[in-house]
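Trainee: Starting from these lines, generate the structure:
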Amino acid sequence: MGKKGQSLKVKVHRHKDKTKEIASLNQQLGLLDLKVVLVTADGNCFFRAVAEQLEGDEEQHARYRQMVVNYLQEHREEFEPFVEDEVPFDEYLKTMREETTWAGHMEIQATSLVTRTNICIHQLKTPRWQIRNFITADTTTIHLSYHDGEHYNSVRRQDDPGVGPAKPFIIEGDATPASQPPPVKDNIKDKSKVVEAATIKRIMGSSGCTNEKRVREILLDVHGDADTAIEYLIAEAGGDASSTGSDENDPGSSAATGDQNRISVSDDAESARSLSSHTASESGRIGNASSVSSQSVGRNKPCPCGSKKKYKSCCGTSKNRTTPAYMSRVEEPLSNRMRKQKVKMTKGLHHPSDEEVPRTADTLDMGAICL
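Mentor: Residues are numbered from 1 along each chain as shown. I've put the predicted structure just below:
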């Protein structure tokens, strides 16, 4: 995509530079069974990609550009405050009507509204951008890719031949359509705590926990942080496994596992605080001793350590440091220790197979952000 007035040579060169980036994005999209469909990079690429998605013909870009600019003009009061650089709105619209003028955030939003579609923008190693203005289940979603902050392409299913409008698809893990909302009870005041089924499935699949009720309890306790919930459940499962191995004949051991884990973490935290206090006091003692020593011995006097050097060239140059003897494993951040514990615990745990968990995205999937 190039600005107005750029030479063909520059456009082609910049397009070639994106070959490697597009190949990497294609590999990322392949995890979702998707692919990038290239459109011409001439400053009209956003509208070309939209036309390719909705009609399978990028050459219809001029019609979509005029539709969008007309919508901006008709809804001036909604969009005028967002024009940057104090450009008069009429002048902005005049420029936007010209071919090769780049589309910005306002044009993306207006495109969604005038075509009555939602828009999903894919980027390399970045969460998808979701522009979702409509919540009905039959709403079409336009899928685009964005490259190096300057070019748009179209995104289709790998089995889509590219004839006519793009075949629809839903990426599991993104927000669910309105026709399949998560169960919501009227007596739930904090709607932010309502957990979507897709999140529950991901946590159960990653942690190996099959108790959905337990997963929901943990997820509410960690304020909806799915990754933290997964770590907690894995750690909990590891604790259960170790308790089963050591206290196999004790009927009460499994019931107390959760409390033991919490006590262990509390003990570690208390040990860390105690050692930190001890280290601080020792550091203060060493610092005070050094201060007294520096006051009682002149800098040009022989060093009291017996080295026969002047104090300023020997012990007088040493900086107060906490001796390495005080640095122990307990001073590691608890989060790091828990991660190490998690690695140990996960060895030997059950991991769901591809048949048990629907294949929707691999670990490289970046997720999505609703704008």
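Trainee: any idea how far L220 is from the nearest residue in space to V222 that is not next to it in sequence?
Mentor: Leaving aside its sequence neighbours, V222 sits nearest to T228 (Cβ to Cβ, 6 or more residues apart in numbering; 4.4 Å). In this view, the C-beta of every residue, glycine as well, is placed from N, C-alpha and C. According to Cβ to Cβ, to the nearest Å, T228 and L220 sit 12 Å apart.
Trainee: again, but for T139
Mentor: T139 sits 30 Å away from L220, taking Cβ to Cβ as the criterion.
Trainee: got any ranges where this protein has weak pLDDT?
Mentor: Confidence mapping of the chain against pLDDT under 70 gives the ranges 1-17, 175-196, 239-297, 312, 316-371.
Trainee: circling back: can you tell me the number of residues neighbouring the residue nearest to V222?
Mentor: By the measure other Cβ atoms under 10 Å, the count of residues near T228 is 14.
Trainee: same check, this time on L144
Mentor: Count around L144 with other Cβ under 10 Å applied: 25.
Trainee: all helices for the stretch 1-150 of the chain, in order.
Mentor: Applying DSSP state H, counting those that start in this stretch to the stretch 1-150 of the chain gives helices spanning 8-17, 19-30, 45-55, 61-74, 76-79, 89-97, 105-115.
Trainee: Show me the one of those that comes nearest Y152.
Mentor: Closest approach to Y152 among the helices of the stretch 1-150 of the chain (Cβ to Cβ): helix 45-55, 4.4 Å.
Trainee: quick one: buried residues of that closest one?
Mentor: C45, F46, F47, R48, A49, V50, A51, E52, Q53, L54 (16 or more other Cβ atoms under 10 Å).
Trainee: got it, and stretch 55-73?
Mentor: Buried residues in stretch 55-73 (16+ other Cβ under 10 Å): G56, E58, Q60, H61, Y64, R65, V68, V69, Y71, L72, Q73.
Trainee: Which of the helices of the stretch 1-150 of the chain sits closest to H151?
Mentor: Minimum separation from H151 across the helices of the stretch 1-150 of the chain (Cβ to Cβ) falls at helix 45-55, 5.4 Å.
Trainee: What lies in contact with the closest one?
Mentor: Outside of helix 45-55, the residues within contact range by Cβ atoms under 8 Å, 6 or more residues apart in numbering are 1, 37, 39-40, 42, 57-65, 68, 102-103, 107-108, 111, 115, 117, 140, 142-145, 151-154, 156, 164-166.
Trainee: now with 6 Å?
Mentor: Contacts with helix 45-55, where a contact means Cβ atoms under 6 Å, 6 or more residues apart in numbering, come from 1, 39-40, 58, 60-61, 64-65, 103, 111, 142, 144, 151-154, 165-166.
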